[in-house]
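**Q** with the input below, show me the fold.
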Amino acid sequence: MYKLMIVDDEPIVLKGLSRFAWQEHGFQLVTAVKNGLYAVEYLSDNPVDVILSDIKMPKMNGIKLLQQVNQLTPDVEVVFLTGHADFSYAKEAIKYGAFDYLLKPVDFSELADVMNRVKEKIAKRNDEKDQWLNLIQREKQVSANLKYKRILPGFFSGSDQLAEV
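**A** Presented below is the predicted three-dimensional model:
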């Protein structure tokens, strides 16, 4: 399950999105907060994988939130769900790396499609990280084996002589 945070200043939207069947789509809703400032505070102690956020909110808007997320936890994906079709907002969202930009009211099948694409991206990134970690681990093992072969060459070649250290 991927951890999801919802950020929106409209209580009815928070309530409605909180009732969505997130678990059926592979997400665990870990919190729903009313602005970007609360989201950043939550992120300082709690990891999430995806943020579904409005853009225009008091205290800290969604664009500022995205900028903060990029600095704090750059692997978090941000999807905007907003009532503002203003191109300048979409342009800013793209500039700072938002995953997608949806308009309210959203069709839940469209939301589910976007969230499935987010899952695929995160899974691919995690697989790539795992591959890199495995490669690094193998490199360390090979390096350690070579080190021991230099220290104890007789042991590895079948000789009974001890190597000088």
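**Q** flag the shaky bits of this protein, pLDDT-wise.
**A** 130, 132-134, 136, 142-165 (pLDDT under 70).
**Q** the residue most central in space within it and Pro11, how far apart?
**A** Ranked by distance to the mean C-alpha position of the chain (Cα atoms, centre = their mean), the top residue is Val76 at 2.7 Å. From Val76 across to Pro11, the span is 24 Å (Cβ to Cβ, to the nearest Å). (Glycine included, C-beta is placed from N, CA and C.)
**Q** over to Gln23?
**A** 23 Å.
**Q** just give the nearest non-adjacent residue to Phe20, would you?
**A** With sequence-adjacent residues excluded and distances taken as Cβ to Cβ, 6 or more residues apart in numbering, Phe20 is closest to Phe108, at 6.8 Å.
**Q** same thing with Ala90?
**A** Closest to Ala90 by Cβ to Cβ, 6+ apart is Tyr101, at 5.1 Å.
**Q** show me what the helix or strand where the one you found lies is in contact with.
**A** Take DSSP states H and E as the rule and Tyr101 turns out to sit in strand 100-103. Outside strand 100-103, the residues that touch it by Cβ atoms under 8 Å, 6 or more residues apart in numbering are 79-83, 85, 89-90, 93-94, 110-111, 114, 117-118.
**Q** ok, so of those, who is nearest Val33?
**A** Leu81 (14.1 Å; Cβ to Cβ).
**Q** what lines up beside the helix or strand hosting that closest one in the sheet?
**A** Here Leu81 sits within strand 77-82, counting by DSSP H and E. Here strand 77-82 has these sheet partners by DSSP bridges: strand 50-53 (parallel), strand 100-103 (parallel).
**Q** what helices or strands is the next helix or strand after it leaning on?
**A** Per DSSP H and E, the first helix or strand lying C-terminal to strand 77-82 is helix 87-95. Contact here means 3 or more Cβ pairs under 8 Å, 6 or more residues apart in numbering; DSSP states H and E; on that basis helix 87-95 packs against helix 62-72, strand 77-82, strand 100-103.
**Q** again, only using 6 Å
**A** Packing contacts for helix 87-95, counted by 3 or more Cβ pairs under 6 Å, 6 or more residues apart in numbering; DSSP states H and E, involve no helix or strand.
**Q** relative to strand 77-82, how tilted is that helix?
**A** Counting by axes from the mean of the first three to the mean of the last three Cα atoms, to 10 degrees, helix 87-95 lies at 170 degrees to strand 77-82.
**Q** ok so, going back, what about the residue nearest to Phe20, distance to Gly97?
**A** Phe108 is 25 Å from Gly97, by Cβ to Cβ.
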